[in-house]
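Asker: 3D, please:
(6 chains)
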4 protein chains.
Amino acid sequence: MPPSDLASSEPAPSEPPVPRRTRRGIRTKDALVAAARRIFERDGYLDARIVDIAAEAGVATGSFYTHFASKDDVFTAVLADLQDEMLHAGVSDSPRKDVGRGVEDANRAYLEAYSRNAALMAAMEQAAAVDRRFLELRLQRSQAFIDRSAAAITRLQKAGVADPALDPAVTARALSAMMSRMAYVTFAADQPVPFETLVQTLTRVWMNALRIPQD
Amino acid sequence: MPPSDLASSEPAPSEPPVPRRTRRGIRTKDALVAAARRIFERDGYLDARIVDIAAEAGVATGSFYTHFASKDDVFTAVLADLQDEMLHAGVSDSPRKDVGRGVEDANRAYLEAYSRNAALMAAMEQAAAVDRRFLELRLQRSQAFIDRSAAAITRLQKAGVADPALDPAVTARALSAMMSRMAYVTFAADQPVPFETLVQTLTRVWMNALRIPQD
Amino acid sequence: MPPSDLASSEPAPSEPPVPRRTRRGIRTKDALVAAARRIFERDGYLDARIVDIAAEAGVATGSFYTHFASKDDVFTAVLADLQDEMLHAGVSDSPRKDVGRGVEDANRAYLEAYSRNAALMAAMEQAAAVDRRFLELRLQRSQAFIDRSAAAITRLQKAGVADPALDPAVTARALSAMMSRMAYVTFAADQPVPFETLVQTLTRVWMNALRIPQD
Amino acid sequence: MPPSDLASSEPAPSEPPVPRRTRRGIRTKDALVAAARRIFERDGYLDARIVDIAAEAGVATGSFYTHFASKDDVFTAVLADLQDEMLHAGVSDSPRKDVGRGVEDANRAYLEAYSRNAALMAAMEQAAAVDRRFLELRLQRSQAFIDRSAAAITRLQKAGVADPALDPAVTARALSAMMSRMAYVTFAADQPVPFETLVQTLTRVWMNALRIPQD
DNA sequence: AATGAATGAGCGTTCATTCAT
DNA sequence: AATGAATGAACGCTCATTCAT
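Answerer: Numbering: from 1, shown residues only, chains lettered A, B, ... in the order given. Here you go, the predicted model:
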């Protein structure tokens, strides 16, 4: 049950003009993605300039367009990498007996990943607020996680351990919303909360919300 | 306990050039604010153009600057009006005996107000994602509500009706985050959920989260 | 029977953003059209740069866009002025008894006008070769003249003074094509021919083509 | 008397880097010319991109420059092929007794050839309008045909069958201009005229213009 | 107070040509 | 000969803000 905003692989807003070919091309493209990430983290989505990205990667401005069609396009590539990182964090394939422990682990992993990538997550929020396509991308990605959460809630309800009065889909979405917004406010908008307090409180709210018995 | 993002009045990012004077001046200024609201709702914060606002208000471009110092400035004025509306909705000064009823009323009022002002709220999200000052404005405003919620939680904990293991401040923030993000996703990002289901689920999650006994 | 390529008033490819207002605005707009004409004559349609036009008019680059939406747009305005000049040249409203004299006068007027505006006509050829819209504009304009010629040919055929075997519409178009192409080659492409020889030969070819008796 | 715009072989604007050598080289070069022709027909002279030509030929971009120095250079090569086709069409070496029949045959052949190659002819018009060198190339090529026509006119005048008042050189140029412009307007600019009407009318205008007796 | 024209910095993108393999 | 990635100059257009009437 990883509370991630980035949990599935979906179509990207723009398509790269050509598939990779030579070693040199691959190296340059990777350098551009890495450079773009740094620039997006530093300047945000809107203020990031192609010229700066190219310069940061040590290539000519025009070379950017050998590998990407637009700012959208690199940003999508950067987000793909980000998603890998966020997903890797939340991986807890082994189904636990202790639900509470599972939720806590997932929440901690998510919050740690968010914290590590705060600047880029802020850029993504900006992109989503400005460009419909990135908003949809974000919604799609979180949807996968929400679906899994909803399924889990249904299961727990049937097992008699979760509040049967809750709508699983809406509840899952609400708890996911809580997690992502709190992470944003805490790490990207600099409203500091002690990390452990954050993990414990969110986990407890989560468990309480479902009325899962604890201690 | 109104779950509002907009609950206090704080200093605005920019200052208007001169205070209102003549009757005509007041009329023009009001027309500009109303026009600005329409344009911000239609185009969002970033894409709104001063020229369009002035045209919509039926005045010359230059006249805009007789009343406002900048785009920020009108937007702040528009947000002030918005805040009034959002607050007015959530006003439930009479402390209830039935906590659950109070939470439901407040949630319903907030979600109704958000729904009514969805386009403008989306513009505010955009502004907050793009301009640090609007982010802070939003945080400040929700802070007032969060503080009141936290106080209420503490009270309920002392009364033995709320989970004593919860950190009141963080919990209040988390639940507020859940409300505002759900409202945004549902109304501004067009992820439809039946209104009554939304109200009931969020209210129940809220009550459950605090472990307040129900039924 | 003026052999003009520019003889009717038809819709323009682009529309100016706003109608004229103040005296100052009118002055600036006129200055821009005059400057544009000079730049188009000097550099052709394709190589003309907005920056140069604005500089030539003595205004800032951005001011160009206060009055015109694009390069197309000014060029259309310049062509409108040009058309006036070309039309004014060919005006011979009084129907002659001597057809030959009428044709000669019209041809001379057209060739003189073309000669005077050779550089701009070359720019127009370029625009027509590059932008479908200007090609259609040119065709539309010459069509009006061709229609009048065709009508005249039909009349002369009925009067028994013109070759009845000719298709009036196609013949009119062919003779019009001959005039405009000759003018282009002679004046815009610098393939010099003595002016009087040009007038006399083209007039004689025209009259012969219709089999109108002469001398 | 073929009314061609393309009748002589003259120096090309740019020079190819190296002469053909290996079998493979020849094949690649031919593929590039064929590909270039298709691209020029599809996109016109200005919008044709080297990358597209290379891709269409199935070779790498860089390979283009192994065989051609520039876009001008390929275009010149394509025009050479075109000229062969246009000339081949108009070849009527056997001097006829029936002048009218000769003119008609030549005109028909020219118009048919133009019709077949309309897209490329339009590209050539564009190139001529944009690049002085192609304008001159076109003028040179049509000059050869014009010279032959002028000679023929002089002959006919001496034989007493053509209007002696006409300047042979200017008349030849005018009739050539008429043919090429009509072909352009009809086939490249899509101003449809029934083919047979076109041939008959142009031929009759041509004969009439010279005052050659018919029927 | 109102008008509306003028300002001008700023940036993404294209593509012919070169060059290292 | 072939490959395909790298180069970088060039230019149109927007729009918040100012300013002369």
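Asker: Can you name every helix or strand that the helix or strand of chain A with the lowest mean pLDDT contacts?
Answerer: Ranked by mean pLDDT, DSSP states H and E, the weakest helix or strand in chain A is helix A:71-90, scoring a mean of 87. On a contact count with 3 or more C-beta pairs under 8 Å, 6 or more residues apart in numbering or on different chains; DSSP states H and E, helix A:71-90 meets helix A:23-47, helix A:99-116, helix A:118-130, helix A:132-158. From N, CA and C alone the C-beta is placed, and that goes for glycine too.
Asker: possible to save the ones you listed as CSV with mean pLDDT and distance to D:A119?
Answerer: Below are the helices and strands packed on helix A:71-90 laid out as CSV (pLDDT from 0 to 100; distance: least, C-beta to C-beta, whole Å):
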stretch, mean pLDDT, distance to D:A119
helix A:23-47, 95, 35
helix A:99-116, 92, 57
helix A:118-130, 95, 43
helix A:132-158, 93, 37
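Asker: tell me the angle of the least confident helix or strand of chain A relative to helix A:118-130?
Answerer: 130 degrees (axes from the mean of the first three to the mean of the last three C-alpha atoms, to 10 degrees).
Asker: can you tell me the helix or strand for the one residue in chain A that gets nearest to DNA strand F?
Answerer: Minimum separation of chain A from DNA strand F (C-beta to the nearest atom of the strand) falls at A:G62, amounting to 1.5 Å. In the assignment (DSSP states H and E), A:G62 maps to helix A:61-67.
Asker: Can I get that helix in CSV, CA atoms only?
Answerer: The C-alpha trace of helix A:61-67 is given here as CSV (Å, rounded to 0.1, in the frame of the first residue of the first chain):
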residue,chain,number,x,y,z
THR,A,61,21.2,24.6,-28.0
GLY,A,62,20.3,22.9,-31.2
SER,A,63,21.4,19.6,-29.9
PHE,A,64,18.7,19.6,-27.4
TYR,A,65,16.2,19.2,-30.3
THR,A,66,18.1,16.2,-31.7
HIS,A,67,16.8,14.4,-28.7
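Asker: helices or strands next to it in the packing?
Answerer: Where contact means 3+ C-beta pairs under 8 Å, 6+ apart, helix A:61-67 is packed against helix A:23-47, helix A:50-57.
Asker: Any residue of the shortest one touching DNA strand E?
Answerer: The reference is to helix A:50-57. Yes. Shown here: helix A:50-57 in contact with DNA strand E (C-beta under 7 Å from any atom of the strand) through A:I50, A:V51.
Asker: Buried residues in that helix, which are they?
Answerer: Across helix A:50-57, burial judged by 16 or more other C-beta atoms under 10 Å in any protein chain shown covers A:I50, A:D52, A:I53, A:A54, A:E56, A:A57.
Asker: Tabulate those (JSON lines), appending distance to DNA strand F and pLDDT.
Answerer: Below are those laid out as JSON lines (distance: C-beta to the nearest atom of the strand, whole Å; pLDDT from 0 to 100):
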{"residue": "A:I50", "distance to DNA strand F": "10", "pLDDT": "95"}
{"residue": "A:D52", "distance to DNA strand F": "14", "pLDDT": "95"}
{"residue": "A:I53", "distance to DNA strand F": "12", "pLDDT": "96"}
{"residue": "A:A54", "distance to DNA strand F": "8", "pLDDT": "95"}
{"residue": "A:E56", "distance to DNA strand F": "13", "pLDDT": "95"}
{"residue": "A:A57", "distance to DNA strand F": "9", "pLDDT": "95"}
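Asker: just curious, which of those is nearest to D:A209?
Answerer: Proximity of the buried residues of helix A:50-57 to D:A209, judged by C-beta to C-beta, is greatest for A:I50, which lies at 60.9 Å.
Asker: what angle do the least confident helix or strand of chain A and helix A:99-116 make?
Answerer: Using the same axes, to 10 degrees: helix A:71-90 against helix A:99-116 is 140 degrees.
Asker: can you tell me if helix A:71-90 touches DNA strand F.
Answerer: No. Counting by C-beta under 7 Å from any atom of the strand, DNA strand F is not contacted by helix A:71-90; separation bottoms out at 13.5 Å.
Asker: relative to helix A:23-47, how tilted is that helix?
Answerer: Calculated by the same axes, to 10 degrees, helix A:71-90 forms an angle of 100 degrees with helix A:23-47.
Asker: how far is helix A:71-90 from where the chain is centred?
Answerer: 8 Å (C-alpha atoms, centre = their mean, to the nearest Å).
Asker: how's chain A carved up into domains?
Answerer: A:23-68, A:75-210 (automatic domain parsing).
Asker: Quick check: which of those domains is buried the most?
Answerer: domain A:75-210 (a mean of 19; mean count of other C-beta atoms under 10 Å in any protein chain shown).
Asker: Now do that one: distance from first to last residue.
Answerer: Start-to-end span of domain A:75-210 (C-alpha to C-alpha, to the nearest Å) is 37 Å.
Asker: chain center to it, what's the gap?
Answerer: Using C-alpha atoms, centre = their mean, the offset of domain A:75-210 from its chain centre is 8 Å.
Asker: closest to A:S142 out of the helices and strands packed on helix A:61-67?
Answerer: For the helices and strands packed on helix A:61-67, the distance to A:S142 is smallest for helix A:23-47, at 18.2 Å, taking C-beta to C-beta.
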